[in-house]
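# okay, structure incoming, though there's no sequence with it:
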């Protein structure tokens, strides 16, 4: 019981250290994770991806310092990971990646949603991640070598 309260206190203090904009993005990521999960339950991936892609295309891309854009991309990745930790369900890599890809696009940061497959010990596995400038944001750097990626959806 006490460890649960300490964990809640620690995470609560982390949220209070965020700026108001970051708190808003965290809340947006939390809602989006649940919305994507529900949408994928009722509609196909292609339809959900297309719907989110239309909303991403409305934001003009940001032109600026590459280091600053990379820092913002990694900050959004951490916010999505934090929102996933407090989710009401267990978000899959596809839920987290679609949410991150959408949030990055809404911030004007161009990124790529990647989906890959592999066969490991006779088991078929699929995985989703987001790349910014060819570097995986929400997975290890070697993820593209572990999975064969689809070129387009």
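The structure has been received and is ready for your questions. Since the structure is predicted, the reported quantities are computational estimates derived from the model, not experimental observations.

# from what I see, residue 107 and residue 72 are in contact.
Yes - assessed by Cβ atoms under 8 Å, residue 107 is found in contact with residue 72 at 6.6 Å. Every C-beta, even on glycine, is put in place using the N, C-alpha and C of the backbone.

# residues that sit against both of the two, list them.
Counting by Cβ atoms under 8 Å, 6 or more residues apart in numbering, no residue touches both residue 107 and residue 72.

# just to be sure, residue 29 is in a helix?
Yes - using DSSP: H, G, I helix; E, B strand; the rest coil, the secondary structure at residue 29 is a helix.

# residues in contact with it?
76, 79-80, 82-83, 99-100, 103.

# looking at the protein, which helix or strand does the model trust least?
When the helices and strands of the chain are scored by mean pLDDT, DSSP states H and E, helix 2-17 comes last with a mean of 53.

# does the residue most central in space within the chain sit in a helix or strand, and which one?
Residue closest to the mean C-alpha point of the chain, counted by Cα atoms, centre = their mean, is residue 100 at 2.6 Å. Taking DSSP states H and E as the definition, residue 100 sits inside helix 93-106.

# and residue 124, by the same measure?
With DSSP H and E as the test, residue 124 turns up in strand 123-132.

# now do the next helix or strand after that strand: distance to the chain's middle.
Toward the C-terminal end, the helix or strand that comes next after strand 123-132 (DSSP H and E) is strand 135-136. Per Cα atoms, centre = their mean, to the nearest Å, the displacement of strand 135-136 from the mean C-alpha position of its chain is 12 Å.

# quick one: name whatever helix or strand follows strand 135-136.
By DSSP H and E, the next helix or strand past strand 135-136 is helix 143-146.
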